[in-house]
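Asks: what would the 3D arrangement of this be:
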Amino acid sequence: MVSVAFLVVVWSILAVRAATYQPPSNLDKYPASSIPPWLDTGSNAWMLTAATLVGLMSLPGLAIFYGGLAKKRFILNTLFMIFYAYASVLLVWLLFGYNFGFGKPGVKIGDYGILGIPTPALDASFLGSQAAIGPAQVSYNIPMPSMVFFQFVFAAITPGLFAGAVIERISFKAWMIFVPLWSLLVYSPLAYWLFAGGWLNQLGAVDFSGGYVIHLSAGITALAAALAVGPRLASDRRIKPHNVTLVFIGAGILWLGWNGFNGGDPYGATIDAAIAVLNTELAGATSVIAWMLLDMKFKHKPTLIGATTAAVTGLVAITPAAGYVNGWGALIIGIAAGTIPWAATEKLAPRLKLDDALGVFPAHGVAGLTGGLLAGILADPAVTQFVYPGLTGALYGNLYELGIQALAALVVVAYVFPVSYALLKVISRFTPLKESEEKLKVGDAAIHGEIGIDLGD
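Replies: The predicted structure follows:
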């Protein structure tokens, strides 16, 4: 009933917008065959490519990765959760979320930008304009649709990430309600504060490509959701991947897609984009080796599950710093990403007593926090000159940067956990958060009327 009401509201807004639409007054500003003087076609081509790479990280990369880790009877449900997140976030993003998170300032405290104005990103005059974001409306040499699409694929993958904490028990109906609300009320504000030049960024906090906005927030939401939804069936409370080959394929798509994830964030085909891509690859590889050595030392054998998890933690940890550090910094971040999340997975997670099904908190929350803090230490002014002139880490004499990175992390945690938990509790007043025990014992066939793997009669 709630989901039907949501659709009615959305369609009503669309109907009003269509009925009151007025063509833009500047249709003849650029002849159809012309290229606006501000447009860098090479940068625009790279941004569309980078955005598509990030989109492929969700569909099919993350879906395959999580699907392989899930129990066989829940693979379809796991795939569907990520598929739905992509579709629902796109609608919310274009109707409200983009301008709420990147648009002109709607809420300010003094000179500090707090939130944008949640208006649609659909009008022709908007779509034909030069990309500009945040309180200062900083402009880039790409058109607005490229910026909107690029930022959307980041917004879309974030719910997919924390889906891994609550697979194999969350009600799909509750998931359908939670994802669009979370995207609007949690993700968009965080994006404004850090990505778009809002108040945290104005204080000096940085997040190159989402270590805090995406990964730390996903890890904290994973804890809130695991607490609110409750655990899986007792017989299901251990990771027993049904198909490690799928895990490997998904991890490979994620790894290569991450080049667009981090390489696109200078918003152009720039020197810093190339630095970010190389740092991304280096940190991912270093994390794999570090994690494997720990597995061999303490578990006496390397595992592919461990190696693929390590690739993810390395890629997560470099995300907030990819365009700010030199190669040595990326190497250090990779080592940290292969050791600190390993310890969190093996030692901390079991003590939390929360059923984080796929270890989203250590893989994304801990790794994102690690990378964000190291960005405050390792940011090299010889690198940041290409994308963020003046940014200097503690290692190069600016201790303030480490402090503001720590403060930004505290703000993210303090905002994300209570809002995520409260949203789920409100939703629980209208529909159960967990599927019935009868459905959970059957899995996909009971929840969706389909099965993910049919081995024949």
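Asks: and residue 393, how many residues sit next to it?
Replies: The number of residues packed around residue 393, counting by other CB atoms under 10 Å, is 26. In short, each C-beta sits where N, CA and C put it, glycine included.
Asks: ok, now the one 3 residues further on?
Replies: Burial of residue 396 is recorded as 15 neighbouring residues (other CB under 10 Å).
Asks: and what of residue 60?
Replies: Residue 60 is surrounded by 17 other residues when neighbours are defined as other CB under 10 Å.
Asks: skip the chain neighbours and tell me the closest residue to it.
Replies: Closest residue to residue 60 in three dimensions, ignoring its sequence neighbours and counting by CB to CB, 6 or more residues apart in numbering: residue 253, at 6.7 Å.
Asks: what's around that neighbour, how many residues?
Replies: Taking other CB under 10 Å as the criterion, the count of residues near residue 253 is 20.
Asks: against residue 151, how distant is it?
Replies: Applying CB to CB, to the nearest Å, the value for residue 253 to residue 151 is 21 Å.
Asks: secondary structure of residue 107: a helix, I assume?
Replies: No: the assignment for residue 107 by DSSP: H, G, I helix; E, B strand; the rest coil gives strand, which leaves it out of any helix.
Asks: helices along the stretch 1-150 of the chain, start to end?
Replies: Here the stretch 1-150 of the chain has its helices, by DSSP state H, counting those that start in this stretch, at 2-19, 41-56, 63-69, 75-92, 98-102, 124-127, 144-166.
Asks: quick one, which of those gets closest to residue 309.
Replies: Smallest distance to residue 309 across those (CB to CB): 9.5 Å, for helix 63-69.
Asks: check which helices and strands the closest one is in contact with.
Replies: Using 3 or more CB pairs under 8 Å, 6 or more residues apart in numbering; DSSP states H and E as the contact criterion, the neighbours of helix 63-69 among helices and strands are helix 75-92, helix 144-166, helix 244-263.
Asks: try it again with 7 Å
Replies: If you count contacts as 3 or more CB pairs under 7 Å, 6 or more residues apart in numbering; DSSP states H and E, helix 63-69 packs onto helix 75-92, helix 244-263.
Asks: right, so of the ones you listed, which gets closest to residue 384?
Replies: In this view, the helices and strands packed on helix 63-69 are compared for proximity to residue 384 by CB to CB, and helix 244-263 is the closest at 14.6 Å.
Asks: ok now do residue 145, which residues does it touch?
Replies: Residues in contact with residue 145, defined by CB atoms under 7 Å, 6 or more residues apart in numbering, are residue 127.
Asks: could you double-check that residue 264 sits in contact with residue 150?
Replies: Yes: if you go by CB atoms under 7 Å, residue 264 and residue 150 touch, sitting 5.8 Å apart.
Asks: so for the two, which sits in the more crowded spot?
Replies: Under the criterion of other CB under 10 Å, the comparison of residue 264 against residue 150 puts residue 264 first, with 29 against 22.
Asks: list the contacts of that one.
Replies: Residues touching residue 264, when contacts are defined by CB under 7 Å, 6+ apart, comprise 47, 50-51, 150.
Asks: what of residue 314?
Replies: Contact partners of residue 314, counting by CB under 7 Å, 6+ apart, are 283-284, 286-288, 334, 337-338.
Asks: next helix or strand past the helix or strand hosting it?
Replies: Assigned by DSSP states H and E, residue 314 belongs to helix 304-318. Scanning forward in sequence from helix 304-318 by DSSP H and E, the next helix or strand is helix 327-343.
Asks: export that next one as PDB, just CAs?
Replies: In PDB, the C-alpha atoms belonging to helix 327-343 read as follows (Å, rounded to 0.1, in the frame of the first residue of the first chain):
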ATOM      1  CA  GLY A 327      52.300   6.100  -6.000                       C
ATOM      2  CA  TRP A 328      54.100   5.500  -2.700                       C
ATOM      3  CA  GLY A 329      51.000   6.800  -0.900                       C
ATOM      4  CA  ALA A 330      48.800   4.400  -2.900                       C
ATOM      5  CA  LEU A 331      51.200   1.500  -1.900                       C
ATOM      6  CA  ILE A 332      50.800   2.400   1.800                       C
ATOM      7  CA  ILE A 333      47.100   2.600   1.500                       C
ATOM      8  CA  GLY A 334      47.000  -0.800  -0.200                       C
ATOM      9  CA  ILE A 335      49.000  -2.400   2.600                       C
ATOM     10  CA  ALA A 336      46.700  -0.800   5.200                       C
ATOM     11  CA  ALA A 337      43.600  -2.000   3.200                       C
ATOM     12  CA  GLY A 338      44.900  -5.500   3.200                       C
ATOM     13  CA  THR A 339      45.600  -5.600   6.900                       C
ATOM     14  CA  ILE A 340      43.200  -3.400   8.900                       C
ATOM     15  CA  PRO A 341      40.000  -4.700   7.200                       C
ATOM     16  CA  TRP A 342      41.400  -8.200   7.500                       C
ATOM     17  CA  ALA A 343      41.700  -7.800  11.300                       C
END
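Asks: top of the contacts of residue 264 by number of neighbours, please.
Replies: Going by other CB under 10 Å, residue 47 tops the contacts of residue 264 with 30 neighbours.
Asks: was I right to think that residue contacts residue 150?
Replies: Yes: with contact defined as CB under 7 Å, residue 47 counts as touching residue 150 (5.6 Å).
Asks: looking at the residue nearest to residue 60 now. What's its pLDDT?
Replies: As summarised for this prediction, residue 253 has a pLDDT of 98.
Asks: same thing with the one 4 residues further on?
Replies: Predicted confidence (pLDDT) at residue 257: the value is 98.
Asks: before we move on, what about residue 236?
Replies: Per-residue confidence at residue 236 stands at 84 (pLDDT).
Asks: what's the answer for residue 282, then?
Replies: The per-residue pLDDT reported for residue 282 equals 99.
Asks: with adjacent residues omitted, what lies nearest to it?
Replies: For residue 282, ignoring the flanking residues on the chain, the nearest one in space by CB to CB, 6+ apart is residue 330 at 4.5 Å.
Asks: right, and that neighbour touches residue 279 too?
Replies: Yes: with contacts counted by CB under 7 Å, residue 330 reaches residue 279, the gap being 3.8 Å.
Asks: what do those two both touch?
Replies: Common contact partners of residue 330 and residue 279 (CB under 7 Å, 6+ apart): residue 318.
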